[in-house]
Structures are given as structure tokens and as C-alpha cells.
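1. fold the following for me, if possible:
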Amino acid sequence: MEHAINPARFDLTTLRLFVAAVEAGSLTLGAEHMAISLPAASKRLAELESHVGSTLLVRNKKGVTPTAPGLTFLRYAISIVAGIEQLSVAMVDYHRGAGGHLRLWANTSAFTGFLPNLLALYSAAYPSVMLDLEDALSEEVVRAVARGNAELGIIGNNTPIGDLQALACDSDELMLVLPAAHPLAGLDAVPIDEVLRHDIVGLNRATSLMRQIAAAADAKGLQLKIRVQVRGFDEVCRMIVAGLGIGILPMAGAVPHVKSMGLALKRLSGMPTRRQLLLVMRDEPSLSLPASALVRMVREREQKLSASRTFAQTAPTFTDPAIHPFL
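-> Next up, the predicted model:
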């Protein structure tokens, strides 16, 4: 006999509890996230599994993991929860008199690089749109977009995105940042092997930037000696000035601090130095009008940059210190 499922019996609280438990790998943590007791959470999930006629979570001493039906359920539950989040924000916007709401999470590289100028252009074009911005690790950005806390996100391209859609939104070159009087500052390009012999000042190890640097160290069979971890590029530069080590940063994030702090920027050799950022979303056709407008601006910007890069590759090369005053 076919198992009957009544859609009306699904409730938002249980769906959110299920998503929270899977993401945390723990029913206890999922219940805490939802501010409900563990017995109440267990009862809700038991009733949910009875209703759908399948075991959705395997419980063990380490926590919970989704079964095959549970993974399918998770995908749809995330979509439903995200839709409700977006609906709630849209209605609040109308009460506030706003012309829409753009919820964007991005990593530090984006906020210290191209993003502020892009958002300034966006705000000038759409002054009535409210901006809701969050600076987060790339993995946190992916989770926020997947569960509907943000419509758009900007991450490093070495971050797994699951079922999200992505498009390139910016690229930059990784540079070595060090005191101007440092022995390595006299080299035109510094081999990554030499860099890794020194103490490193960096961001949190979980950031996409530090994972890229760690991958370069692994490829050389060398140990990454992180002496100090800080939250932003400005703090990285200040620690370098203080003599606590040297660092590797995107050029756009480092250049603003070079002159004022007496630092030097040097190109790196022996590792990939191009760094690409991605704009991620759940489903482009279902984006709100404010989010679609930003995606359109990102595409137009990338097309212009691509055209200029193509021209630069075919044009004669020359060195102009006015263009690269710190190299």
C-alpha cells in the first residue's frame, strides 16, 4: 500500500530544526539553535519521519547524519526555508517603504578589494534598495546562501559550493608583503620556498586565502609556519610592520597599506598567484529584482575587464612606475 503524505502536516519549525541538526551534525545543537528542548526536538523529528515513512537521520554517539532519503529531504527543506526567509524580508521591506532588499555575504578579500566600489555604483543606480551586508568566511557565505540567509555571496574559488550556481566576479594577484628593509625585498620575484622559511602572518586558517597558501606549502612538502592569525588585511599589515613575520595578500587588499606603513610588495614565483572570486546564488531565475540587478552589474563589469585583459595581452608591454609604484 502506498504511503500517504499530507503536505499540510509539514511545519516550518520542524523543517528548520531538521536543517539545523544536519548542518550541526547534532540534534542537541540543532535544538539549541532553534531554542527548543532536546525531548521536544526528538519528538518533532520522530513525527516527521513517521509522516514521510522514511528514516531521515541516523543517530549515533557522534551525532546525526542524514540517510539517502534524508539528503533528498534536506535539499527541499533548505529551499522551503530559504523561500520563507526571502518572503519575510520582502514584506518587511514594503512596510519600511524600501524599494527592495539586497542581502549579500562576502569574504574579506571582496570587502577589501572590488566590492565597495561596485556597491557604490549599485547604490547610485538603485538608491531605494536597502543593503544588508555581512563579512564572513567563504564556507559561511556558502551556507548562508544555501539556507536563504543571503541571496548572493562572494567566495574564493577554492571553496566547495554544492548545488549553488556561480560566476566569476573578480580576480587579483597574490603578492608577498614584507617590511621594506627585509632581505627578500631586494628580489624581483620571491620563490615560495624562500617565503615558507619565514614566520607567516595570516588570516584564520579556514579562510580560502590561507587554504590556498597552505596548498602551495603542501605542494612543496614544506611546513606553513603561521606565527600570528588576525581577522583582516589591515591587521596583517600592522603585524608585519611590528616585525612578527611576512604575509601573502591579494594585491588589491595590500596596496592601500603599503605607502603608509613602509611596506614592500613583491611578486611570488613557484606557486599559482592568480586568485579568483566567485559570485554564488541558489537559482538565478528566482532571484529578487535587487539581486538580479547586482548580478547583471557583475557580468557587465567582468565583460569589460575581460576585454581590457585581452587588449593588454596583445598590446606592447612596458614598465610604468606610475602604474605600479610599489613593485
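2. where do the helices sit along the stretch 101-250 of the chain?
-> 108-112, 115-125, 138-146, 192-195, 208-219, 233-241 (DSSP state H, counting those that start in this stretch).
3. now for the first one, which elements pack on it?
-> If contacts are counted by 3 or more Cβ pairs under 8 Å, 6 or more residues apart in numbering; DSSP states H and E, helix 108-112 sits against strand 165-179, helix 208-219, helix 233-241, helix 251-261, strand 274-281. (Glycine included, C-beta is placed from N, CA and C.)
4. and the fifth one, by the same measure?
-> Where contact means 3+ Cβ pairs under 8 Å, 6+ apart, helix 208-219 is packed against helix 108-112, strand 152-156, strand 165-179, strand 200-202, strand 247-250.
5. again with the second one
-> Helices and strands in packing contact with helix 115-125 are listed as strand 130-135, helix 289-314; criterion 3+ Cβ pairs under 8 Å, 6+ apart.
6. buried residues in the first one, which are they?
-> Right, the one you point to is strand 130-135. Under the neighbour-count criterion of 16 or more other Cβ atoms under 10 Å, strand 130-135 has 130, 135 buried.
7. CA-only coordinates of it, as CSV, when you get a sec.
-> The C-alpha trace of strand 130-135 is given here as CSV (Å, rounded to 0.1, in the frame of the first residue of the first chain):
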residue,chain,number,x,y,z
MET,A,130,18.4,48.5,1.3
LEU,A,131,21.8,46.8,1.6
ASP,A,132,22.3,44.0,4.1
LEU,A,133,26.0,43.1,4.1
GLU,A,134,28.0,40.5,6.1
ASP,A,135,31.7,39.9,6.2
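8. tell me what angle it forms with strand 152-156.
-> Strand 130-135 and strand 152-156 are oriented at 30 degrees to each other (axes from the mean of the first three to the mean of the last three Cα atoms, to 10 degrees).
9. strand 130-135: how far from the chain's middle?
-> 13 Å (Cα atoms, centre = their mean, to the nearest Å).
10. tilt between it and helix 115-125?
-> 170 degrees.
11. check the last one too.
-> With the same axes, to 10 degrees as the criterion, the two stretches helix 289-314 and helix 115-125 enclose an angle of 130 degrees.
12. name the helices or strands packed onto helix 289-314?
-> Contacts defined by 3+ Cβ pairs under 8 Å, 6+ apart place helix 289-314 against strand 101-106, helix 115-125, strand 152-156, strand 165-179, strand 274-281.
13. go again with 10 Å.
-> With contacts defined as 3 or more Cβ pairs under 10 Å, 6 or more residues apart in numbering; DSSP states H and E, the packing partners of helix 289-314 are helix 68-96, strand 101-106, helix 115-125, strand 130-135, strand 152-156, strand 165-179, strand 274-281.
14. so when I look at residue 55, I'm seeing a strand, right?
-> No. Counting by DSSP: H, G, I helix; E, B strand; the rest coil, residue 55 falls outside a strand, being coil.
15. hmm, back to that, let's have the helices and strands packed on helix 289-314 in CSV, adding distance to residue 307.
-> Listed next are those as CSV, based on distance: least, Cβ to Cβ, whole Å:
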stretch, distance to residue 307
helix 68-96, 34
strand 101-106, 25
helix 115-125, 17
strand 130-135, 28
strand 152-156, 22
strand 165-179, 14
strand 274-281, 17
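16. re earlier: mind putting the helices of the stretch 101-250 of the chain into a markdown table with mean pLDDT and distance to residue 173?
-> Listed next are those as a markdown table, based on pLDDT from 0 to 100; distance: least, Cβ to Cβ, whole Å:
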| stretch | mean pLDDT | distance to residue 173 |
| --- | --- | --- |
| helix 108-112 | 90 | 12 |
| helix 115-125 | 95 | 17 |
| helix 138-146 | 92 | 19 |
| helix 192-195 | 93 | 14 |
| helix 208-219 | 90 | 12 |
| helix 233-241 | 94 | 14 |
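17. compare the helices and strands packed on helix 115-125 and say which comes out lowest on pLDDT.
-> Mean pLDDT per stretch puts helix 289-314 lowest among these, at a mean of 82.
18. between that one and strand 101-106, how many degrees?
-> Per the same axes, to 10 degrees, the angle that helix 289-314 makes with strand 101-106 is 40 degrees.
19. and of the helices and strands packed on helix 115-125, who's closest to residue 187?
-> Distance to residue 187, taken as Cβ to Cβ, is lowest for helix 289-314 among the helices and strands packed on helix 115-125, at 24.7 Å.
20. that closest one: which residues count as buried?
-> 290, 291, 292, 293, 294, 295, 297, 298, 301, 302.
21. just want the angle from that helix to strand 165-179.
-> Going by the same axes, to 10 degrees, helix 289-314 makes 60 degrees with strand 165-179.
22. distance from the chain centre to helix 289-314, please.
-> 20 Å.
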